[in-house]
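Trainee: here is a sequence with its predicted model. Questions after.
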Amino acid sequence: QKLATWEQIPFMYAGDVKRDVARMQRLAVDPVPLDRLYTVLDMELGHEVAFAVEAGKIRANEADAQINLSVIHKGLGAPLSHADMAASLREEVEEIRIGALETFKMATCRADDITRIIFVGGSSLLKPVQEVMAQTCPSAELAYADAFTAVIDGLALGSADPMRYGRAPA
């Protein structure tokens, strides 16, 4: 799980983690998966694997896809079907919906008041996330932005019409 969390990946390269994996390799009935894990840790490929998984998930938005893991071993890949991805995300997508509704409540607005939802990358580019947000906020326009400029874009929108967001200009 820590190899799936961007900020945790560097901690997986620690010597004690690699020693534990090496010990499991020696004891495993099938050491191949652990050999691959050791390669990821030893070569510090965690972020590359995370990028490959992200790309596979985006491709699986439309159809069955393959996660290209050639960075670990030439020709290595993992299938990811569109249906399996949607099913595996069901709980997380529901948590996103609940979190959005709680946020609206704290902001003293209703889902119908939301006029634009901006998806900035990562999990927000997954169809199940987009679909639940479109259902939750039926009046909202769905927009897409670059993750690196999304915060700046939001600040610019907020400063352009400060009264709309419940605060007077400074």
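Mentor: Received it, and whenever you're ready, just let me know what you need. Residues are numbered from 1 along each chain as shown.
Trainee: got the buried residues for the strand or helix carrying Glu102?
Mentor: Taking DSSP states H and E as the criterion, Glu102 maps to helix 82-106. Buried residues in helix 82-106, counted by 16 or more other Cβ atoms under 10 Å: His82, Met85, Ala86, Leu89, Val93, Ile96, Arg97, Ala100, Phe104. All C-beta atoms are positioned from the backbone trio N, CA, C, and that covers glycine.
Trainee: turn the residues you listed into a markdown table, columns for distance to Val151.
Mentor: What follows is the buried residues of helix 82-106, written out as a markdown table (distance: Cβ to Cβ, whole Å):
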| residue | distance to Val151 |
| --- | --- |
| His82 | 31 |
| Met85 | 28 |
| Ala86 | 29 |
| Leu89 | 25 |
| Val93 | 24 |
| Ile96 | 19 |
| Arg97 | 23 |
| Ala100 | 18 |
| Phe104 | 20 |
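Trainee: what's the closest of those to Lys57?
Mentor: Met85 (6.3 Å; Cβ to Cβ).
Trainee: can you pull out the low-pLDDT segments for this protein?
Mentor: By pLDDT under 70, the low-scoring segments of the chain are 147, 161-170.
Trainee: hang on, Pro142 in a strand?
Mentor: No Pro there; residue 142 is Leu. Yes: assessed by DSSP: H, G, I helix; E, B strand; the rest coil, Leu142 belongs to a strand.
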